[in-house]
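*Asks:* Give me coordinates for this.
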Amino acid sequence: MKKTRSAEEIGEVRDRLLAAALDILDQEGFEALTLRRIAKKTGMTAPNLYNYFPSKDAIYITLVIRGFTDLKDRLVRAVEGQADPRERARALTRAYLAFGLENSPIYDIMFTRRTPRHKDYVGTPLENLSEKELSLSMDIAALAAENVRAFFGPGVADDEALLWVIHVWSLLHGMITLHHSQVMEYVVPDPQSTYETLLDRELDLVASLARKG
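*Replies:* Numbering: from 1, shown residues only. Predicted coordinates for the structure are as follows:
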């Protein structure tokens, strides 16, 4: 009689499968991701994978959910106890930057590569799972917009707050992608210090405009 795996053992196997999938996605892209490839990489049989995930897309979405969960948790922790808008913004931008610099494979899948998004799963059996990813990403956007409103006051329009979120996000994303490509190290001797300076200048700009408003 086959021994039933414990919840901990099942979790460990799922983690191995997700790690293998992330490696394939990072090295070869979404088109190369198949259950057969994941099984081979983990020493399992493809049919056995169905005991843990219903499809390769379920594995992919679960990976992205984990990425957004990690990012959201970092951002929430970063602003805990921070009442000053400037310090909250500084903590948020640094936490986002650290996540991007430290987690190149999943960051690229979440924000850079052309991979399936929530709209691609609407009307499919994976729509509910994909909704979790969408909800997490919207929570992160809302947290950023909340900080913008703290700078400009409650009277700032929602579309204006969103524009500032995209403005700062574009700077962060640009620095992260330039860092991942290793281009930045050819331009400046100390990239990390450069990122810090740029973010401080950006916050100075936002604070200055907020005062004028």
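*Asks:* Going by C-alpha atoms from here, please, whenever you check contacts or count neighbours.
*Replies:* OK.
*Asks:* Specify the residue ranges that define each domain of the protein.
*Replies:* What automatic domain parsing lists as the domains of the chain is 1-53, 63-212.
*Asks:* how about TSV for the ones you listed, with mean pLDDT and mean neighbour count added?
*Replies:* What follows is the domains of the chain, written out as TSV (pLDDT from 0 to 100; neighbours: other Cα atoms under 10 Å):
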stretch	mean pLDDT	mean neighbour count
domain 1-53	89	15
domain 63-212	92	16
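*Asks:* How about residues contacting the helix or strand hosting Gly100?
*Replies:* In the assignment (DSSP states H and E), Gly100 maps to helix 85-102. With contacts defined as Cα atoms under 8 Å, 6 or more residues apart in numbering, helix 85-102 is touched by 71, 74-75, 78-79, 82, 107, 144, 147, 150-151, 172, 176, 179-180, 199-200, 203, 207.
*Asks:* got the CA positions of that helix in CSV?
*Replies:* Taking Å, rounded to 0.1, in the frame of the first residue of the first chain, the C-alpha atoms of helix 85-102 are listed here in CSV:
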residue,chain,number,x,y,z
PRO,A,85,4.8,60.6,3.9
ARG,A,86,8.4,61.1,2.8
GLU,A,87,9.7,58.3,4.9
ARG,A,88,6.9,56.0,3.8
ALA,A,89,7.7,56.7,0.2
ARG,A,90,11.4,56.2,0.8
ALA,A,91,10.7,52.8,2.4
LEU,A,92,8.3,51.7,-0.3
THR,A,93,10.7,52.6,-3.2
ARG,A,94,13.7,51.0,-1.5
ALA,A,95,11.7,47.8,-0.7
TYR,A,96,10.5,47.6,-4.3
LEU,A,97,14.0,48.2,-5.7
ALA,A,98,15.4,45.5,-3.4
PHE,A,99,12.8,43.0,-4.4
GLY,A,100,13.6,43.6,-8.1
LEU,A,101,17.4,43.5,-7.7
GLU,A,102,17.3,40.3,-5.6
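*Asks:* continuing past it, what's the next helix or strand?
*Replies:* Helices and strands here follow DSSP H and E; after helix 85-102, the next one along the chain is helix 104-111.
*Asks:* could you give the angle of that following helix to helix 85-102?
*Replies:* 120 degrees (axes from the mean of the first three to the mean of the last three Cα atoms, to 10 degrees).
*Asks:* other SSEs contacting helix 104-111?
*Replies:* Helix 104-111 sits against helix 7-28, helix 56-79, with contacts defined as 3 or more Cα pairs under 8 Å, 6 or more residues apart in numbering; DSSP states H and E.
*Asks:* Taking helix 7-28 as reference, get the angle to that helix.
*Replies:* Using the same axes, to 10 degrees: helix 104-111 against helix 7-28 is 80 degrees.
*Asks:* Next secondary structure after helix 104-111?
*Replies:* helix 127-152.
*Asks:* Run the chain-centre distance for that next one.
*Replies:* Remark: helix 127-152 is offset 12 Å from the chain centroid, using Cα atoms, centre = their mean, to the nearest Å.
*Asks:* And for stretch 122-136?
*Replies:* Centroid separation for stretch 122-136 versus its chain: 16 Å, with Cα atoms, centre = their mean.
*Asks:* do the same with stretch 58-68
*Replies:* The chain centre lies 10 Å from the centre of stretch 58-68; the measure is Cα atoms, centre = their mean.
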